[in-house]
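Participant: Only the shape, not the letters, is given here:
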Ligand SMILES: Cc1cc2nc3c(=O)[nH]c(=O)nc-3n(C[C@H](O)[C@H](O)[C@H](O)COP(=O)(O)OP(=O)(O)OC[C@H]3O[C@@H](n4cnc5c(N)ncnc54)[C@H](O)[C@@H]3O)c2cc1C
């Protein structure tokens, strides 16, 4: 018997497994690839100011910086790079947005004003801000690095989980994203689409205004690739597929601030579950008390997964 059996190897499950092993627990993580997982589709941007109001994360600015430090400590232990720092230019939408931002003391430490309004191919009559402490986690490398680590510990099982399987641990924690078979009532599901695009003229920073253009460390026919995301689609009957509308919406939004030549080379979708009132779910499973849950990471999985994993671990270990 293991101490903990974690089902699901996205940001939530992998982060929880890593942190429990660091505490000396005997852990098994079980995952079986399902298309539609949020982690694979994710832009995986770690960004202190987001949304139309450039809001700080609910955890607050100091906690954001602490989580970045936490990631750096894993990088040292694993001898691998997880976070790629990026310059992040956010095009300002209006004067009010700029005023509100510059009058907010808590946000100041994350902002540098970019006075230049004439960057090639960029429409920014009010200028932009550079959002400091922005990072990207490549979801594929994150999964590969964490999976290798768990395999070395004898803690990884690649197999579909079925609730009828014999119990493998004292406590089972479901980190199954949108595929949790019990949490249908407790979670809302927000579908998102992203495009992989190439640009004729490369940009060496993240450019955003509503949607974000994120440089990838990859090329296609000699051109640099970027992830463009994401749509936020919560009012549907949920469709587990990519759509022409998603593709057109993303390109339309990009055209509001970027005029250079763009070619679409890939298109992904994923589902981000979110708990009631946009909160995450952690602790005893609300719909089946045989299990624990870590889910509902919403659109900030990279930030919420380590934060709520810590809270859950305190509960599991006590
Ligand atoms: C389009 C899009 C863009 C996003 N952009 C960002 C971003 O820029 N920054 C950010 O921080 N967050 C972003 N997010 C949110 C983030 O990706 C999610 O919050 C996060 O991935 C959720 O992780 P999870 O582990 O809870 O779920 P998931 O990633 O969905 O993982 C669930 C795992 O469970 C496994 N599984 C399911 N059923 C079974 C079974 N029966 N047996 C075994 N395994 C099973 C699945 O294969 C999967 O690996 C984005 C999400 C989307 C959809």
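Facilitator: Great, that's in hand. As the structure is a computational prediction, the values presented were derived from the model and not from experiment.

Participant: per-domain residue ranges of this protein.
Facilitator: Using automatic domain parsing, the domain ranges for the chain come out as 1-44+137-187+275-318, 64-136, 189-273.

Participant: Return the most buried member of those.
Facilitator: domain 1-44+137-187+275-318 (a mean of 19; mean count of other CB atoms under 10 Å). C-beta: built from backbone N, CA, C; applies to glycine.

Participant: Residue 190 and residue 299 touch, don't they?
Facilitator: Yes: counting by CB atoms under 8 Å, residue 190 does reach residue 299; the two are 7.3 Å apart.

Participant: Where does the stretch 151-300 of the chain get nearest to the ligand, which residue?
Facilitator: When distances are taken as CB to the nearest ligand atom, the stretch 151-300 of the chain reaches nearest to the ligand at residue 177, 2.3 Å away.

Participant: Tell me the spacing between that residue and residue 22.
Facilitator: The gap separating residue 177 from residue 22 is 23 Å, by CB to CB, to the nearest Å.

Participant: How about residue 296?
Facilitator: Distance from residue 296 to residue 22, by CB to CB: 24 Å.

Participant: residue contacts, the closest residue to residue 296 other than its chain neighbours?
Facilitator: Closest residue to residue 296 apart from its sequence neighbours, by CB to CB, 6 or more residues apart in numbering: residue 275 at 3.5 Å. Residue 275 makes contacts with 186-188, 281, 295-296, 298, as judged by CB atoms under 8 Å, 6 or more residues apart in numbering.

Participant: go on, residue 189?
Facilitator: Counting by CB under 8 Å, 6+ apart, residue 189 has contacts 178, 234, 238, 271-274.

Participant: Show me the shaky parts of the stretch 101-250 of the chain.
Facilitator: The stretch 101-250 of the chain contains residues with pLDDT under 70 at 235-237.

Participant: mind listing the helices for it?
Facilitator: 105-108, 139-152, 244-255 (DSSP state H, counting those that start in this stretch).

Participant: Quick check: residues of the stretch 1-150 of the chain near the ligand?
Facilitator: 7-13, 30-34, 37-39, 41-45 (CB under 6 Å from any ligand atom).

Participant: Restricted to strands, list these.
Facilitator: 7, 30-31, 45 (DSSP state E).

Participant: Throw the residues you listed into TSV and include pLDDT, thanks.
Facilitator: Below are these laid out as TSV (pLDDT from 0 to 100):
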residue	pLDDT
7	98
30	98
31	98
45	95
